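Visitor: just to be clear, the model below is a prediction. Sequence and coordinates:
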Amino acid sequence: ADAAHGDTARRTRDSRTQARETLAAAESGHFGALLTERWSPEVALLRGGDRVGGWELLVRAMDGDIAAGVRQRLAHAVAGRSLAVWEMDIVNPSDDPGHCPPTVAWLMTLDEAGRVHRLRLFHPRPLRAMERLPVL
């Protein structure tokens with residue numbers, strides 16, 4: 001069994017590093033540049049099986065959360081050849097403790113080059129803002 005999945009530990013370590021670098025880029029205002037460099041140009045944000053946006057929406061949403069004082073902290077990561085999952089704790093600003101749910105899981109489907117090309121976000125309860133997004 002170890003031989004068949006020998007690269008899983010390395011992929012998970014690499015994914016954990018990528019998650020931390022992604023969050024650091026977001027906090028420093030470089031989230032869009034990181035996505036351009038590391039994620040597929042055709043990246044899709046999905047709700048269920050429906051595409052609700054792409055690169056622009058991801059950057060706008062992350063930049064908006066950062067501007068509002070929301071921060072994400074990596075709790076757990078796991079990765080394989082075609083899938084990565086990042087579990088995040090969300091820290092809301094003290095003046096808006098209900099801005100976001102307390103946690104989120106990023107479920108990312110990877111292309112052949114290992115770049116994220118589909119992202120689904122799972123919260124413990126639906127976000128009102130996500131419910132209002134039009135399907136593109």
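Guide: Done, it's in.
Visitor: ignoring the adjacent residues along the chain, who's closest to the most centrally placed residue in the chain?
Guide: Central residue of the chain (C-alpha atoms, centre = their mean): residue 106, 4.4 Å from the mean position. Distances taken as C-beta to C-beta, 6 or more residues apart in numbering place residue 86 nearest to residue 106, at 4.3 Å, with adjacent residues excluded. Just so you know, the C-beta spots here come from the backbone N, C-alpha and C atoms, and that holds for glycine as well.
Visitor: ok, what's across the strand from the residue nearest to the centre of the chain?
Guide: Applying DSSP bridges to residue 106 gives these bridge partners: residue 86, residue 121.
Visitor: distance of the residue nearest to residue 106 from residue 29?
Guide: 20 Å (C-beta to C-beta, to the nearest Å).
Visitor: these two: which is more packed in?
Guide: residue 86 (23 against 11; other C-beta atoms under 10 Å).
Visitor: ok, that one - contacts?
Guide: 15, 19, 74, 76, 77, 105, 106, 108 (C-beta atoms under 8 Å, 6 or more residues apart in numbering).
Visitor: give me the buried entries from these.
Guide: Among the contacts of residue 86, those that count as buried by neighbour count (16 or more other C-beta atoms under 10 Å) are 15, 19, 74, 77, 106, 108.
Visitor: show me the helices in the chain, by range?
Guide: 8-27, 31-38, 55-67, 128-132 (DSSP state H).
Visitor: rebuild these as JSON lines, extending it with mean pLDDT.
Guide: Shown next, in JSON lines, are these (pLDDT from 0 to 100):
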{"stretch": "helix 8-27", "mean pLDDT": "95"}
{"stretch": "helix 31-38", "mean pLDDT": "97"}
{"stretch": "helix 55-67", "mean pLDDT": "97"}
{"stretch": "helix 128-132", "mean pLDDT": "58"}
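Visitor: so which of those helices is nearest residue 119?
Guide: helix 55-67 (7.1 Å; C-beta to C-beta).
Visitor: check which residues of the closest one are buried.
Guide: Neighbour count says helix 55-67 has 55, 57, 58, 59, 61, 62, 65, 66 buried, by 16+ other C-beta under 10 Å.
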